[in-house]
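[1] Need a 3D model of the following:
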Amino acid sequence: MFSEWKFTIKDIAEKPDLFMSGHRACAGCAPATVLRLVMKAVRGPTIVTNATGCMEVVSTIYPYTSWATPWLHTAFENAAANASGIEAAIKILKKKGRIEQEQIDVIAIAGDGGTYDIGIQALSGAVERRHDFLFVLYDNEAYMNTGIQRSGGTPHGASTTTSPAGTVIPGKLEYKKPIADIMVAHEMPYVATASPRYWRDLITKARKGIEVNGPAFLHAFAPCPRGWRSDPSKSIELSRLAVETCIFPLWEAVNGEYQLSAPSKVIALRPERKKPVKDYLQVQGRFRHLFTPKFEKLIDEIQRITDERWQRLLKRCGMT
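    Numbers count the residues shown, from 1 in each chain. Presented below is the predicted three-dimensional model:
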């Protein structure tokens with residue numbers, strides 16, 4: 001299914017950036033780092049379609065662009081539908097002899113709003129039709145572009161502008177939707193999670209998603225200093241803590257078969273390395289209210305849910 005593509009730091013450094021500097025992303029924006037890494041994985045001619053959201057806005061303020069590849073903006077809900085149309089058009093043009101390239105890859109990009117919520121119908125339909133494209137979710141866990149509103153990807157207890165922490169309600173009451181597992185349930189040939197802290201793993205998984213014959217889904221963890229009220233210099237550290245606390249484990253599912261990726265596999269084999277969720281929560285302003293007497297019990301609840309989800313993942317991976 002996958003090639004034996006290998007790369008070195010030098011290879012990545014010398015490969016031209018297709019998502020270039022000069023964009024208007026905030027300082028410490030992890031989604032921008034994610035997209036730069038994803039585009040380092042391309043194997044040839046590539047077309048990108050980008051849903052409305054932070055990365056669309058900051059990278060294409062007219063008359064400028066940070067994209068050195070064909071790129072299309074589409075509505076909030078339509079990234080997967082647009083990718084479907086592009087992929088179908090490429091097939092037709094090849095049959096008519098109007099495209100000579102053997103392979104033209106299609107990448108759809110959306111944030112959590114355009115994936116978990118508004119875009120899930122189009123994504124589900126495109127996957128059911130087995131269109132050949134890579135869907136990249138950069139998950140900053142809220143609708144950051146429109147004012148930090150809660151989404152299906154916002155974690156339990158997080159304070160946002162539409163789930164504010166007050167004297168009674170401790171932030172978002174609902175739990176984060178297991179979007180990657182939902183995609184596995186669609187019987188996709190390739191689904192994976194990734195973190196910008198583990199950049200080799202992210203690039204490798206992006207390449208696998210590009211190479212697979214059929215739809216692929218890459219769920220990339222992407223801290224937002226503005227929405228998370230975190231130190232802009234700590235985005236990569238937060239990306240590491242999310243993995244080490246098992247808030248966001250790294251894994252991939254090939255034809256429905258789960259397996260842990262190296263950083264999370266180390267934790268599974270050496271449980272003493274697993275850090276408490278408190279270490280992750282306490283460095284983000286959106287969880288500050290949890291460290292008060294009124295809501296401190298919610299930290300134990302978040303730990304319990306995290307542990308339960310981790311154990312379910314270990315079972316899927318055949319490690320329990």
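
[2] going forward, measure contacts between C-alpha atoms and count neighbours the same way
    Fine.

[3] For the stretch 51-200 of the chain, just list every one of the strands.
    Using DSSP state E, counting those that start in this stretch, the strands of the stretch 51-200 of the chain run over 71-74, 105-111, 134-139, 190-194.

[4] what's next to the third one, contact-wise?
    Contacts with strand 134-139, where a contact means C-alpha atoms under 8 Å, 6 or more residues apart in numbering, come from 31, 34, 80, 106-112, 115, 153, 206, 209-210, 215-223.

[5] Tell me which of the strands of the stretch 51-200 of the chain sits nearest to residue 290.
    strand 134-139 (22.2 Å; C-alpha to C-alpha).

[6] Parallel or antiparallel, which strands does that closest one pair with?
    Strand pairing for strand 134-139, using DSSP bridges, gives strand 105-111 (parallel), strand 216-221 (parallel).

[7] Need the CA coordinates for the last one. CSV is fine.
    Coordinates of each C-alpha in strand 216-221 appear next as CSV, following Å, rounded to 0.1, in the frame of the first residue of the first chain:
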residue,chain,number,x,y,z
ALA,A,216,-7.3,9.2,3.9
PHE,A,217,-7.8,11.2,7.1
LEU,A,218,-5.0,13.0,9.1
HIS,A,219,-6.1,14.4,12.5
ALA,A,220,-3.4,16.9,13.5
PHE,A,221,-3.3,18.4,16.9
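
[8] continuing past that strand, what's the next helix or strand?
    Beyond strand 216-221 in the direction of the C-terminus, DSSP states H and E gives the next helix or strand as helix 225-228.

[9] So which bits of that next one are buried?
    Neighbour-count burial for helix 225-228, counted by 16 or more other C-alpha atoms under 10 Å, picks out 225-228.

[10] Name the next helix or strand downstream of the helix or strand bottoming out on mean pLDDT in the chain, please.
    Least confident helix or strand, the chain: helix 9-14 with a mean of 93, by mean pLDDT, DSSP states H and E. Using DSSP H and E, the helix or strand that follows helix 9-14 in sequence is helix 30-39.

[11] So what touches that next one?
    Helix 30-39 is contacted from outside by 17-20, 25, 55, 138-140, 195-196, 199, 202-203, 206-207, 220, 222-224, 235-236, using C-alpha under 8 Å, 6+ apart.

[12] Only the buried subset of those, as a PyMOL command please.
    The following PyMOL line selects those of the contacts of helix 30-39 that are buried, judged by 16+ other C-alpha under 10 Å:
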select buried, resi 17+18+19+20+25+55+138+139+140+195+196+202+203+206+207+220+222+223+224+235+236
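
[13] The spatially closest residue to residue 23 that is not a sequence neighbour - how many residues pack around it?
    Residue nearest to residue 23 in three dimensions, not counting chain neighbours: residue 59, with 4.8 Å by C-alpha to C-alpha, 6 or more residues apart in numbering. Residue 59: 20 surrounding residues under other C-alpha atoms under 10 Å.

[14] correct me, but residue 59 touches residue 18?
    No. Look at residue 59 against residue 18 with C-alpha atoms under 8 Å: they stay out of range, at 11.7 Å.

[15] what's the overlap in contacts for those two?
    Contacts common to residue 59 and residue 18, judged by C-alpha under 8 Å, 6+ apart, are 66-67.

[16] Can you tell me the centre-most residue of this structure?
    For the chain, the residue nearest the mean C-alpha position is residue 220 (2.3 Å; C-alpha atoms, centre = their mean).

[17] Wait, that residue touches residue 197, no?
    No. Residue 220 is beyond contact range of residue 197, at 10.6 Å (criterion: C-alpha under 8 Å).

[18] what residues are up against residue 210?
    So residue 210 contacts 42, 105-107, 133-134, 216 (C-alpha under 8 Å, 6+ apart).

[19] and what of residue 143?
    So residue 143 contacts 53, 111-113, 149-151 (C-alpha under 8 Å, 6+ apart).

[20] again, only this time at 7 Å
    113, 149-151 (C-alpha atoms under 7 Å, 6 or more residues apart in numbering).

[21] Now the terminal residues of stretch 208-215, how far apart.
    From its first residue to its last, stretch 208-215 covers 11 Å (C-alpha to C-alpha, to the nearest Å).

[22] Quick one: mean pLDDT for that stretch?
    The pLDDT scores in stretch 208-215 average 97.

[23] Then stretch 173-185?
    Mean predicted confidence for stretch 173-185 is 97.

[24] repeat for stretch 68-80
    Here the average pLDDT along stretch 68-80 is 96.
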